[in-house]
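Enquirer: whatever this is, show me its structure:
(one chain, ligands or ions: 1)
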Amino acid sequence: MIWRKSAKPGRYESVDGGTIKLGDAQASLTFRHHARARRMILRTDPKTGGAVVTLPPGTDYETARQFAQEREGWLLARLERTPKVVEFTDGASVPYLGTPHLICHKPDMRGTVVREHEILFISGRPEHLARRLRDWMKSEARREITQRAAAKAATLGKRHARITIRDTRSRWGSCSHSGSLNFSWRLIMAPDWVLDYVVAHEVAHLAELNHSPRFWAQVAQLSDDVERACDWLKRHGTKLHQYG
Ligand SMILES: [Zn+2]
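Expert: Sure thing, here's the model as predicted:
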């Protein structure tokens, strides 16, 4: 057990409580002593993907552990909604077109990022690794999306204006009245057919600036997995925001 003393000893301190079982995995458990807490309070820690129990004075650890373990389902549901943050660091795993890739820092490598057999090798100084990888992901997203958008627009006999790649929280893509298309760079982490659907959706707006049956007929013409992709985005879309 590791003790971390707070500025005001005795009032507020965190204790490493080991791990608890969450689904098929073990997750970290932290106890927080709180001099003024009246009851046990359970929450999740998105940084660790574990559980934190706030303890009123006099609570023993076994009771607190049981309190957390009995609420396993609640913790899992909560963590599902606020997924663990995955930093772009050496040794972390990030998806690229839906396939997990290991981040491998290779300081002296030529070039910036090289993708090889589900490994992303990144050169340069460690403090630049996250930015380099994000920049690379953005350029990969631009490349994939631009190719697909051009081909799909041609299918509809339409032309799109500028394509912008952004870090949007609320939408995966959008299409303006002037025909410019915006996409989230995070789509490059989604499976191929999900990215393809989002491009199809926005390109179809070049023909129909609405969500009418006619619009959806255009989307179906441009993408094979419309329903499956919508479902994937609903279920897993927020997870794409946990990376980097
Ligand atoms: Zn739309």
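
Enquirer: what residues are up against Thr82?
Expert: Thr44, Pro46 (CB atoms under 8 Å, 6 or more residues apart in numbering). Placement of C-beta: from N, CA and C, glycine included.

Enquirer: with His160 instead?
Expert: So His160 contacts Ala149, Ala150, Ala153, Cys175, Gly179, Ser180, Leu181, Val203, Leu206 (CB under 8 Å, 6+ apart).

Enquirer: just put the residues you listed in CSV and tack on secondary structure, distance to Lys84 and neighbour count.
Expert: Putting those into CSV (DSSP: H, G, I helix; E, B strand; the rest coil; distance: CB to CB, whole Å; neighbours: other CB atoms under 10 Å) gives the following:
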residue, secondary structure, distance to Lys84, neighbour count
Ala149, helix, 32, 21
Ala150, helix, 37, 15
Ala153, helix, 38, 21
Cys175, strand, 33, 20
Gly179, coil, 39, 16
Ser180, coil, 35, 14
Leu181, strand, 31, 23
Val203, helix, 34, 28
Leu206, coil, 38, 20
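
Enquirer: care to break this protein down by domain?
Expert: 3-81, 93-132, 137-242 (automatic domain parsing).

Enquirer: where does pLDDT dip in the chain?
Expert: Low-confidence regions of the chain, defined by pLDDT under 70, span residues 1-12, 83.

Enquirer: that one: strands as residue ranges?
Expert: Using DSSP state E, the strands of the chain run over residues 3-4, 12-22, 25-34, 41-45, 50-55, 93-96, 99-105, 113-116, 119-122, 163-166, 173-175, 181-184.

Enquirer: select, out of those, the one closest to Glu72.
Expert: Judged by CB to CB, the one of the strands of the chain that comes nearest to Glu72 is strand 12-22, at 6.0 Å.

Enquirer: for the domains of the chain, which one sits closest to Glu87?
Expert: Closest among these, using CB to CB: domain 93-132, at 6.7 Å.

Enquirer: rewinding a little: mind putting the strands of the chain into TSV with distance to Leu129?
Expert: Formatted as TSV, the strands of the chain follow (distance: least, CB to CB, whole Å):
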stretch	distance to Leu129
strand 3-4	28
strand 12-22	28
strand 25-34	25
strand 41-45	24
strand 50-55	25
strand 93-96	12
strand 99-105	6
strand 113-116	10
strand 119-122	5
strand 163-166	20
strand 173-175	28
strand 181-184	21
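
Enquirer: no further queries at this time; thank you.
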